[in-house]
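S.K.: I would like to see how this sequence folds:
(chains A and B)
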Amino acid sequence: MALQALGAAFLLIAAIGVIRLPDAFQRMHSATKAGTLGTTLLLLGVMASDEVDHSASGWLPIIFLLVTLPLGAQLLARGAYLSGTALEGLKEDPLADELELPGEKRREPKGPGSASS
Amino acid sequence: MTGQEWFEAALGAMLALALVLSGWRMVRGPSFADRFVALDMLTAIAVGFAALTALSTGRGAFLDIALGVSLFNFVATAAFAVFLERKRKGSSS
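M.R.: Below is the predicted model:
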């Protein structure tokens, strides 16, 4: 029961982080790490309880989640960065200049319009 | 209701609250990446719901449903990541 409660609490914390954090990448950090831990703990707690029959293997979804959730988040973060999603609190991004990304916010301080100050 | 049933109802309420929060991020989310992160979170919560259903009904087959949902999750996330990368190449203006 402690494992199940902990898993549900971690899932709730991950959802609160998805709402509260200011940036797509920070939201991804919350959803992936806390979400993976929460689902794994919840599945472990369900497997450890006596009320579920043990003919079905619960280890398979746990292993699959531990492998694929970080992998999917990495793919998603790569796609999001390459599509020019703005990063919060980052003034200059040398990698974006190198790759010539289409992001608006990070290119703006170097543009000719912002030279008035 | 017994104590075990109250406990399962409390867990279900927590997961439902998490579902509402990430669904709100999916509706609100300013960029495409936010919506895809919210989709990832929603399917993780769906896996949690499948595990909770296995607990409350006592049928271990719902753990297989959890496996199927997580498989869906990975395929959808990989497809959307490829979509985001191709969006960059398409909008070269």
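S.K.: Ignoring the adjacent residues along the chain, who's closest to the residue most central in space within chain B?
M.R.: Chain B has B:Thr43 as the residue nearest its centroid, 1.8 Å off, counting by C-alpha atoms, centre = their mean. Leaving aside its sequence neighbours, B:Thr43 sits nearest to B:Asn73 (C-beta to C-beta, 6 or more residues apart in numbering or on different chains; 3.9 Å). C-beta here means a position set from N, CA and C on the backbone, and glycine is covered the same way.
S.K.: Just the mean pLDDT for the helix or strand hosting that neighbour, thanks.
M.R.: B:Asn73 is part of helix B:61-90 when elements are defined by DSSP states H and E. Throughout helix B:61-90, pLDDT has a mean value of 85.
S.K.: Same check on stretch A:98-109?
M.R.: 56.
S.K.: And stretch A:46-56, by the same measure?
M.R.: For stretch A:46-56, the per-residue pLDDT averages 74.
S.K.: And the helices in chain A?
M.R.: A:2-20, A:24-29, A:35-48, A:59-82, A:94-99 (DSSP state H).
S.K.: Need these in a markdown table (columns: mean neighbour count and distance to chain B).
M.R.: Shown next, in a markdown table, are those (neighbours: other C-beta atoms under 10 Å in any protein chain shown; distance: least, C-beta to the nearest C-beta, whole Å):
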| stretch | mean neighbour count | distance to chain B |
| --- | --- | --- |
| helix A:2-20 | 21 | 4 |
| helix A:24-29 | 22 | 4 |
| helix A:35-48 | 23 | 4 |
| helix A:59-82 | 19 | 3 |
| helix A:94-99 | 11 | 9 |
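S.K.: And the most centrally placed residue in chain A, how far from B:Phe32?
M.R.: By C-alpha atoms, centre = their mean, chain A has its centre lying nearest to A:Met28, at 2.3 Å. According to C-beta to C-beta, to the nearest Å, A:Met28 stands 13 Å off from B:Phe32.
S.K.: joint contacts of those two?
M.R.: Contact criterion C-beta atoms under 8 Å, 6 or more residues apart in numbering or on different chains; residues shared by A:Met28 and B:Phe32: A:Ala80.
S.K.: ok, the residue nearest to the centre of chain B - contacts?
M.R.: B:69-70, B:72-73, B:76.
S.K.: okay, it: pLDDT?
M.R.: 91.
S.K.: does it belong to a helix or a strand, and which?
M.R.: Here B:Thr43 is assigned to helix B:32-57, by DSSP H and E.
S.K.: mind listing what's buried in that helix?
M.R.: B:32-56 (16 or more other C-beta atoms under 10 Å in any protein chain shown).
S.K.: and what of stretch B:15-29?
M.R.: Counting neighbours by 16+ other C-beta under 10 Å, stretch B:15-29 gives B:15, B:17-19, B:21-23, B:25-26, B:29 as buried.
S.K.: pLDDT (mean, whole number) over that stretch?
M.R.: On average, stretch B:15-29 scores 90.
S.K.: what does it rub up against?
M.R.: In contact with stretch B:15-29 (C-beta under 8 Å, 6+ apart) are residues A:8, A:11-12, A:14-16, A:18-19, A:27, A:31, B:34-35, B:37-39, B:41-42, B:45, B:48-49, B:52.
S.K.: likewise stretch A:68-87?
M.R.: Against stretch A:68-87 from outside (C-beta under 8 Å, 6+ apart): A:23-25, A:28, A:31-32, A:35-36, A:39, A:93, A:96, A:99, A:101-106, B:31-33, B:36-37, B:40, B:44, B:70-71, B:73-74, B:77-78, B:80-85, B:87-88.
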